[in-house]
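Engineer: predicted model and sequence below, questions to follow.
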Amino acid sequence: MAVNKVNEDLLRERARYTFNIEELTNFIDGGEEGTRNRREVEDMVIHVKELHDEVPEDYLSHKERYENAVKKGCILIDLLKEHVLRHSSFDAYKPSNMYRVLSMAKEVSPVLLHMGMFVPTIFGQASAEQQEEWLHKALMLEIIGTYAQTELGHGTFLRGLETTATYDPSTEEFVLHSPTLTSYKWWPGGLGQTANHCIVVAQLYSREKCYGVHAFLVQIRDSETHMPLPGIKVGDIGPKLGFQTANNGFLGFDHFRIPRKNMLMRNAQVLKDGRYVKSKSDKLTYGTMMLVRVMIVSDAAYELSRAATIAARYSAVRRQSMPRPGQPEPQILDYVTQQHKVFIAIATSHALRLTGGWLWDAYSSLTHDLDQGNLDQLPELHALACCLKAISSRDSNSLVEQCRMSCGGHGYMSSSNFPTIYGATAATVTYEGEYTVMLLQTARYLMKAWKEALGGIVLTPTVAYMVTYNKAKPAWVNTPEAIIQGFHAVAVGKVKEAADGIEYHQNSGKDYEDAWNAASVMLVKASECYCRAIICETFWKEIQKHSRSMSRNLAVVLQQLSELYLSYWVLERSGDFFQVRTVPLTRTKFEFVSFASPKCHCQMCTGFVAHITSVVVLAVQVSIQNLTLTFCTRKRNEFDIGSC
Ligand SMILES: CCCCCCC/C=C/C(=O)SCCNC(=O)CCNC(=O)[C@H](O)C(C)(C)COP(=O)(O)OP(=O)(O)OC[C@H]1O[C@@H](n2cnc3c(N)ncnc32)[C@H](O)[C@@H]1OP(=O)(O)O
Ligand SMILES: Cc1cc2nc3c(=O)[nH]c(=O)nc-3n(C[C@H](O)[C@H](O)[C@H](O)COP(=O)(O)OP(=O)(O)OC[C@H]3O[C@@H](n4cnc5c(N)ncnc54)[C@H](O)[C@@H]3O)c2cc1C
């Protein structure tokens, strides 16, 4: 029987890495225990033959694909439950753990929303009594839920949602109703055929007063027959760009009654007589969205690491063209254009993974504060979650497409897995807060921060530099930190530009809303630059922090990956660096120097190492006074790949 022989080129590349792969694997997994956990789950999954398709999923009917996805989802959840019960340290909700397990089935799972939003909402918004009643059932999948917030007519504008939940004190019930077609819930994953419960976000009315959107836990299908309950209209919304097995559905209520106790009452309550007890903050209703946005940053990194692995491996084995007559066709990895496509995907997967971990730690600290009643960090974390979710998902999706294109025609095959990964990452750019809307949310925060900076008020950590840049600037030296300072200066410049834009439009007679809209392109740009500065700074600092406890060879490689990321984005945003003079800076020579990168390695995800002997080396000299930007690019030589 033919034994699958590993490609010679790949073997040669794999023999050339110069550092301990296991050490990097542990770094990516967050430590040796993380690697053990992951491998244990992967070993469980790889041996379950029902998880391997006899027939390509693309050749199945929609019904067969869905049934296949349900079967796999149940198997994976059982494996996850078994693993969680065996390893109490395995936090299913730590970024990517749960998502990664479910995504081992290739197609997105119809129970993704159950795990990704229904359970977290019970954790975050149900009272202790309600958790007592529902949490175990949800974790054991005795009930299967989804998160029904978006409606046909409204996704972004939550305050515009039309579904109503009107309290009836005579029966101590809420009456859920969909008054219009546009009020039908539209999109919730799993709603089509899978979920029998859901979190419904509706406008709460009591004693004829509207108290805004609140969350309710609603059973929509019979636990025995799985048929929709009377007063419920529910079904599948049909084919989409991707996510075909997410089972996205629609849901309409016809005066559907639920007990008072089904309003999630951790934050706000309605008493038996209909009196409304206000939450410490209306914003706490939005808590689940913040959690999912924080998780999306790590999930975006994970999906990109898969795509970068496929592209780099393919680039090692694909040979094409003959630059020198009579010579063997070179590996396409030797083309600098190919390196330019693939290396930034490798570096970005690491940048987003480390930034996602940093954001998760900040979120964990916030939830602890919220439990203590301290909401001080909520606005900054909301702004961070919004822009990082937007930029990470957009970068991931566009680099997945870049990786696909780098594989030529074979990248267009379903068997390449690029279409599935592209479909999943394209969804993240829109769901859980649409790209532009999220950046505008962050811009709200930046405009407030700028006003405080002008007043010399001490700012929260991620915007504190705005005060510095508005006063005398520190002398900049030519280090990677200089690039980070440069991004800070660019961010301040863009924030100032947007604030000035709003002021200009107001002075020309517009009210604030119209002035905001007229300046909104600049506001989006300011958020992008603020976010890019955070990713650059976090990537660099995390590498510096971890380098101290890792072997030198690995530290060098990771440092150069972060230098590649910084250099890449300076070039991508060189125009903004030119403009940086718009911020009142002292006359400081601002120099970047070439980052000699004799060797650079990286591993996109488990089992794969890219050994980059050097990267495109840039020397970027920027002088603020004369704003001359000179580049010199030193040619790089070989690229080779190793994997364990
Ligand atoms: C592994 C996980 C897989 C999961 C798969 C997920 C599948 C997809 C699921 C979904 O898509 S669920 C639906 C997601 N929907 C959204 O994200 C809706 C996006 N819209 C919003 O977030 C909000 O409506 C808004 C646009 C941010 C706010 O708009 P609005 O104009 O109504 O209010 P504002 O005046 O702008 O804001 C009010 C006030 O509240 C603050 N705030 C808003 N959102 C949050 C939040 N999430 N957390 C904390 N604070 C929030 C906002 O900053 C304003 O505060 P002030 O500036 O006035 O102090
Ligand atoms: C694959 C997928 C899965 C999903 N799963 C779920 C789910 O499980 N549960 C759920 O509740 N929802 C889900 N959603 C819905 C998702 O949350 C919404 O699609 C998203 O919030 C965007 O809302 P919308 O579709 O109404 O677009 P809109 O908000 O109508 O946006 C359309 C355009 O208008 C622009 N726009 C809107 N508001 C503004 C503004 N204030 N300023 C400037 N521009 C603006 C946007 O930038 C965008 O370009 C899912 C969506 C997708 C694609």
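Structural biologist: Here it is on my side, so go on. Numbering: from 1, shown residues only. Ligands and ions are numbered 1, 2, ... in the order given.
Engineer: so how many other residues sit close to Gln193?
Structural biologist: Gln193 has 17 neighbours, counted by other Cβ atoms under 10 Å. C-beta: built from backbone N, CA, C; applies to glycine.
Engineer: do you know the pLDDT at it?
Structural biologist: At Gln193, the pLDDT value in this model is 97.
Engineer: over to the one 10 residues further on?
Structural biologist: Turning to Gln203, the model gives it a pLDDT of 98.
Engineer: I'd like the numbering to begin with 48 instead of 1 from here.
Structural biologist: Right, with 48 as the first residue, what we last looked at is Gln250.
Engineer: any weak-confidence spans in this protein?
Structural biologist: Scanning the chain for pLDDT under 70 picks out 48-50, 131-144, 516-525, 628-691.
Engineer: domains of it?
Structural biologist: Listed by automatic domain parsing, the domain ranges of the chain are 170-327, 490-681.
Engineer: chain center to the first one, what's the gap?
Structural biologist: I take that to be domain 170-327. 25 Å (Cα atoms, centre = their mean, to the nearest Å).
Engineer: phi and psi next, for Val158.
Structural biologist: When read as degrees, to the nearest 10, the backbone of Val158 gives phi -110, psi 10.
Engineer: how far away is it from Lys118?
Structural biologist: Distance from Val158 to Lys118, counting by Cβ to Cβ, to the nearest Å: 11 Å.
Engineer: the more surrounded of the two?
Structural biologist: Val158 (27 against 13).
Engineer: now the closest residue to that one other than its chain neighbours: how far from Glu89?
Structural biologist: Excluding the flanking residues, the one nearest Val158 by Cβ to Cβ, 6 or more residues apart in numbering is Gly120, at 4.6 Å. According to Cβ to Cβ, Gly120 stands 17 Å off from Glu89.
Engineer: now Leu123
Structural biologist: 11 Å.
Engineer: more crowded one of the two?
Structural biologist: Leu123 (24 against 15).
Engineer: isn't that one up against Ser150?
Structural biologist: No: taking contacts as Cβ atoms under 8 Å, Leu123 lies outside contact range of Ser150: 9.1 Å.
Engineer: intersection of neighbour lists for those two?
Structural biologist: Common neighbours of Leu123 and Ser150 are listed as Ser156 (criterion: Cβ atoms under 8 Å, 6 or more residues apart in numbering).
Engineer: heading C-terminal from the helix or strand where Cys583 lies, find the next helix or strand.
Structural biologist: Here Cys583 is covered by helix 567-594, with elements defined by DSSP states H and E. The element immediately downstream of helix 567-594 (helix or strand, assigned by DSSP H and E) is helix 599-619.
Engineer: remind me what that next one packs against, helices and strands.
Structural biologist: The elements that helix 599-619 packs onto, with contact taken as 3 or more Cβ pairs under 8 Å, 6 or more residues apart in numbering; DSSP states H and E, are helix 68-76, helix 383-418, helix 527-554, helix 567-594, strand 647-649, strand 664-670.
Engineer: ok, which residues in the stretch 398-547 of the chain are in contact with ligand 2?
Structural biologist: Counting by Cβ under 6 Å from any ligand atom, the stretch 398-547 of the chain comes close to ligand 2 at 474, 477-481, 483-484, 487.
Engineer: filter the residues you listed down to the buried ones and hand me the ChimeraX line.
Structural biologist: Selection of buried members from those for ChimeraX, criterion 16 or more other Cβ atoms under 10 Å:
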select :474,478,479,480,487
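Engineer: of the residues of the stretch 398-547 of the chain next to ligand 2, which ones also sit close to ligand 1?
Structural biologist: 478-480, 484.
Engineer: tabulate those (JSON lines), appending secondary structure.
Structural biologist: As requested, those are exported to JSON lines (DSSP: H, G, I helix; E, B strand; the rest coil):
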{"residue": "Tyr478", "secondary structure": "coil"}
{"residue": "Glu479", "secondary structure": "coil"}
{"residue": "Gly480", "secondary structure": "coil"}
{"residue": "Val484", "secondary structure": "helix"}
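Engineer: could you dump these into CSV with distance to Gly533 added?
Structural biologist: Output for these, formatted as CSV (distance: Cβ to Cβ, whole Å):
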residue, distance to Gly533
Tyr478, 33
Glu479, 31
Gly480, 29
Val484, 28
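Engineer: of those, closest to ligand 2?
Structural biologist: Tyr478 (3.8 Å; Cβ to the nearest ligand atom).
Engineer: check contacts around that closest one.
Structural biologist: Trp234.
Engineer: which phi and psi does it have?
Structural biologist: Torsion angles, degrees, to the nearest 10, at Tyr478: phi -70, psi 160.
Engineer: tell me how far it lies from Thr203.
Structural biologist: For Tyr478, the distance to Thr203 - Cβ to Cβ - is 11 Å.
Engineer: one more: Met91?
Structural biologist: 40 Å.
Engineer: so Gly259 belongs to a strand, correct?
Structural biologist: Yes: going by three-state DSSP, the assignment for Gly259 places it inside a strand.
Engineer: the closest residue to it other than its chain neighbours and ligand 1, how far apart?
Structural biologist: If you skip the residues right next to it in sequence, Gly259 has Asp329 as its closest partner in space, 6.2 Å away by Cβ to Cβ, 6+ apart. Per Cβ to the nearest ligand atom, to the nearest Å, Asp329 is found 7 Å from ligand 1.
Engineer: Val339 too?
Structural biologist: On the measure of Cβ to the nearest ligand atom, Val339 and ligand 1 end up 5 Å apart.
Engineer: and for Glu575?
Structural biologist: 17 Å.
Engineer: how about Val539?
Structural biologist: For Val539, the distance to ligand 1 equals 21 Å [Cβ to the nearest ligand atom].
Engineer: which stretches of the stretch 248-397 of the chain form strands?
Structural biologist: 256-266, 279-283, 296-300, 303-306, 316-317, 323-324 (DSSP state E, counting those that start in this stretch).
Engineer: Ser328: neighbouring residues, count only.
Structural biologist: When neighbours are defined as other Cβ under 10 Å, Ser328 has 14 of them.
Engineer: for it, phi and psi?
Structural biologist: Per degrees, to the nearest 10, the backbone of Ser328 is at phi -160, psi 130.
Engineer: tell me which of Met91 and Thr203 has more neighbours.
Structural biologist: Using other Cβ under 10 Å as the criterion, Met91 and Thr203 rank with Met91 on top: 19 against 13.
Engineer: tally up the residues packed near the residue of the stretch 248-397 of the chain found nearest ligand 1, please.
Structural biologist: For the stretch 248-397 of the chain and ligand 1, the shortest gap (Cβ to the nearest ligand atom) falls at Tyr333, measuring 3.2 Å. Counted by other Cβ under 10 Å, the residues lying close to Tyr333 total 19.
Engineer: for it, what are its contacts?
Structural biologist: So Tyr333 contacts 205, 429 (Cβ under 8 Å, 6+ apart).
Engineer: now do it against ligand 2, distance only.
Structural biologist: Using Cβ to the nearest ligand atom, Tyr333 is found at 12 Å from ligand 2.
Engineer: pick out the residue of the stretch 148-297 of the chain closest to ligand 2.
Structural biologist: For the stretch 148-297 of the chain, Cβ to the nearest ligand atom, closest residue to ligand 2: Gly202, 2.1 Å.
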